[in-house]
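[1] With the input below, show me the fold.
(chains A and B)
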Protein chains: 2
Amino acid sequence: MSLQQRYAAGDAPAAILHHPVIDALLQHRSIRRFDSARPLPEGLVETLVAAAQSAATSSNLQSWSVIAVTDPDRRARLAALAGGQGFVAEAPLFLVWVADLSRNRALGAAQGRALAGLDYLESFMVAAIDAALAAQNAAIAAEALGLGTCYIGALRNHPEPVAQAVNLPPGAMGLFGMAIGWPVPGPHSAVKPRLPQSVVLHHETYRAGPVDAAAVARYDAAMEEFSRRVGQGSQPWLPRMLARLADAAALSGRDRMRAALTALGFGLK
Amino acid sequence: MSLQQRYAAGDAPAAILHHPVIDALLQHRSIRRFDSARPLPEGLVETLVAAAQSAATSSNLQSWSVIAVTDPDRRARLAALAGGQGFVAEAPLFLVWVADLSRNRALGAAQGRALAGLDYLESFMVAAIDAALAAQNAAIAAEALGLGTCYIGALRNHPEPVAQAVNLPPGAMGLFGMAIGWPVPGPHSAVKPRLPQSVVLHHETYRAGPVDAAAVARYDAAMEEFSRRVGQGSQPWLPRMLARLADAAALSGRDRMRAALTALGFGLK
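    As a prediction, the model looks like this:
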């Protein structure tokens, strides 16, 4: 059923392979209302980190860290830095996923090695990709336990104050946050449709030519229906996407990401 | 049991929360030997893409694509570009995960909108992170079905030739590959240990001070034991990590990532 909700009518693949793990993946939805009074289970953070560390990591460099924030004041501070999204502060656990070259750097320094390879954009990409793979495993683990999660990309609106709030060393940056808690059920927590597979999946080579306008139109209709159902008006996808990427101002401060990363000690050569 | 294999002796968390999905995550291992004669199930690619699309995506921008490569000649070409790792060509399916701003760009152009927001490093980061989240879901789905996977970061050794091999438009780049096939079982496919949680997990703020040398030493010993067991000699982690990041030459061509991305049409402002 979640497969039918994931795509516009007629756009779901005719048949997919089923497995309880796959069914769990298909049921993902971001949660933005948490039961802040209900405590989280003992051992949760260690469980999520074990899942996260089980993800692949480039050349086993393990260039990521995670900070488990439960202190209400610090959660409120991070929520404010992340665009003031109130629900972030409601989640009893906020994970800051860190693209972290500082540990590699420190281990090198302890051996008298400068590790000039860290100064390149590629090394930042390795750290960011590995942090993302790890975080996704943690999200899946949390959802399997019935918890709700929401990625908070707005943590990148203010990279230096975020680094200060959680005391990051040079060469580390908060890539995104993750709010975790028991979900408050309701129509707002529905499976969000995605673009048809015909738009994102290519066979052998990238399909040349314009994006299939009819497929996007079907998706826009599905997103209108979805946003009505979850009480967010009636919003097609395309105009929102265009607005979100319109210009530097639309990036909510993230247009200075390069300067921020440089200030945080990344070479980005 | 996979939890005990994931950490050096004494470093596994005392107790974690169990669930079949979490146990599946903990069992991950990269597979580098495939049964190239055994066909993949019908509907596999559509299943993996449905799982991938179910991952979170920043502001629902969906700035990624995936190319399913099965043609033996193209797989061999990509394997050669990815450092000549023979096992890549043995896998019957090779997925190229694409950080893709070209679709957003094209949809904007069709509306007469330039989308200057795409020209910033932040937008490339969004595309790369979203592609990574999606790919990790696909990897988990494949493993759930009993298939083996291996991320191929070496696809970034030669970004422009890779783009050419799969006909990428400007604003799209092959972020990493993923080899998929039926695994050939054996001691080489074992759960690889990771650093102790005490090194990667921080509470409230990032732990100040030097990296715990004793924890790293325990990990080095675990990695020596692991590499002996899988027939790769007896290699501790630290010297390999230091060598991999020593200098520009150690990056296998990826020290020119910024120039490559610029050539492929990313603004990276």
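
[2] CA atoms only: put the helix or strand that contains A:Pro161 into PDB for me.
    Applying DSSP states H and E as the criterion places A:Pro161 in helix A:159-165. C-alpha atoms of helix A:159-165 as PDB (Å, rounded to 0.1, in the frame of the first residue of the first chain):
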ATOM      1  CA  PRO A 159      27.200  26.500  10.200                       C
ATOM      2  CA  GLU A 160      29.600  28.400  12.500                       C
ATOM      3  CA  PRO A 161      27.100  29.000  15.300                       C
ATOM      4  CA  VAL A 162      26.100  25.400  15.100                       C
ATOM      5  CA  ALA A 163      29.700  24.400  15.400                       C
ATOM      6  CA  GLN A 164      30.000  26.600  18.400                       C
ATOM      7  CA  ALA A 165      26.900  25.300  20.000                       C
END
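
[3] ok, the helix or strand following that helix near chain B or not?
    Helices and strands here follow DSSP H and E; after helix A:159-165, the next one along the chain is strand A:172-181. Yes - counting by CB under 8 Å from any CB of the partner chain, contacts between strand A:172-181 and chain B involve A:Ala172, A:Leu175, A:Phe176. Every C-beta, even on glycine, is put in place using the N, C-alpha and C of the backbone.

[4] Strand A:172-181: partners in the sheet, and parallel or antiparallel?
    strand A:93-100 (antiparallel), strand A:148-152 (antiparallel) (DSSP bridges).

[5] Compile the ones you listed into a markdown table and extend it with columns for mean pLDDT.
    Output for the strands paired with strand A:172-181, formatted as a markdown table (pLDDT from 0 to 100):
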| stretch | mean pLDDT |
| --- | --- |
| strand A:93-100 | 98 |
| strand A:148-152 | 97 |
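
[6] right, so of the ones you listed, which gets closest to A:Arg194?
    Using CB to CB as the measure, strand A:148-152 is the one of those that comes nearest A:Arg194, at 15.2 Å.

[7] low-scoring stretches of chain A, by residue?
    Scanning chain A for pLDDT under 70 picks out A:1.

[8] Name the residues linked to the residue positioned nearest the centre of it by a beta bridge.
    In chain A, the residue lying closest to the centroid (CA atoms, centre = their mean) is A:Tyr151, at 4.0 Å. Note on A:Tyr151: beta-bridge partners by DSSP bridges are A:Met178.

[9] That one contacts A:Ala142, correct?
    No - in this structure A:Tyr151 lies outside contact range of A:Ala142 using CB atoms under 8 Å: 11.6 Å.

[10] picking up where we left off before, neighbour count says what about the residues of strand A:172-181 next to chain B? Which are buried?
    A:Ala172, A:Leu175, A:Phe176 (16 or more other CB atoms under 10 Å in any protein chain shown).

[11] measure the residue in chain A sticking out farthest from the centre to chain B for me?
    Using CA atoms, centre = their mean, the residue of chain A lying farthest from its centre is A:Gly112. It sits 35.6 Å away. To chain B, A:Gly112 is 10 Å away according to CB to the nearest CB, to the nearest Å.

[12] Distance from the helix or strand hosting A:Gln4 to the middle of the chain?
    According to DSSP H and E, A:Gln4 maps onto helix A:2-6. Taking CA atoms, centre = their mean, to the nearest Å, one finds the center of helix A:2-6 at 21 Å from the center of the full chain.

[13] same check, this time on stretch A:114-134
    17 Å.

[14] cool, stretch A:214-226 as well?
    The answer for stretch A:214-226 is 23 Å, by CA atoms, centre = their mean.

[15] List the neighbours of that stretch that are in contact with it.
    The contact list for stretch A:214-226, computed with CB atoms under 8 Å, 6 or more residues apart in numbering or on different chains, reads A:7-11, A:190, A:192-196, A:198-199, A:234-238, B:107.

[16] repeat for stretch A:185-192
    Residues contacting stretch A:185-192 (CB under 8 Å, 6+ apart): A:2, A:5-6, A:26-33, A:148, A:183, A:226, A:229-231, B:54, B:60.

[17] same thing but at 10 Å, please
    With contact meaning CB atoms under 10 Å, 6 or more residues apart in numbering or on different chains, stretch A:185-192 is reached by A:1-7, A:26-33, A:35, A:148, A:183, A:222-223, A:226-227, A:229-232, B:53-54, B:56-57, B:60.

[18] Give me the subset of the residues you listed lying in strands.
    In this view, the contacts of stretch A:185-192 that belong to strands under DSSP state E are A:Gly148.

[19] In ChimeraX, how would I select the buried members of the contacts of stretch A:185-192?
    Buried residues within the contacts of stretch A:185-192, by 16+ other CB under 10 Å, are selected in ChimeraX with:
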select /A:2,3,5,6,7,26,28,29,30,31,32,33,148,183,222,223,226,227,230 /B:53,54,56,57,60
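
[20] would you list every one of the helices in chain A?
    Assigned by DSSP state H, chain A shows helices spanning A:2-6, A:20-26, A:44-53, A:72-81, A:86-90, A:102-109, A:121-144, A:159-165, A:197-200, A:213-229, A:237-244, A:257-263.

[21] so which of the ones you listed gets nearest B:Ala208?
    Using CB to CB, the nearest of the helices of chain A to B:Ala208 is helix A:102-109, at 11.0 Å.

[22] Next, the buried residues of that closest one.
    A:Ser102, A:Arg103, A:Asn104, A:Arg105, A:Ala106, A:Leu107, A:Gly108.

[23] Among those, which ones lie close to chain B?
    With the criterion set as CB under 10 Å from any CB of the partner chain, the members of the buried residues of helix A:102-109 near chain B are A:Ser102, A:Arg103, A:Asn104, A:Arg105, A:Ala106, A:Leu107, A:Gly108.

[24] Tell me the one of the residues you listed nearest B:Leu155?
    Using CB to CB, those come closest to B:Leu155 at A:Asn104, 21.8 Å.
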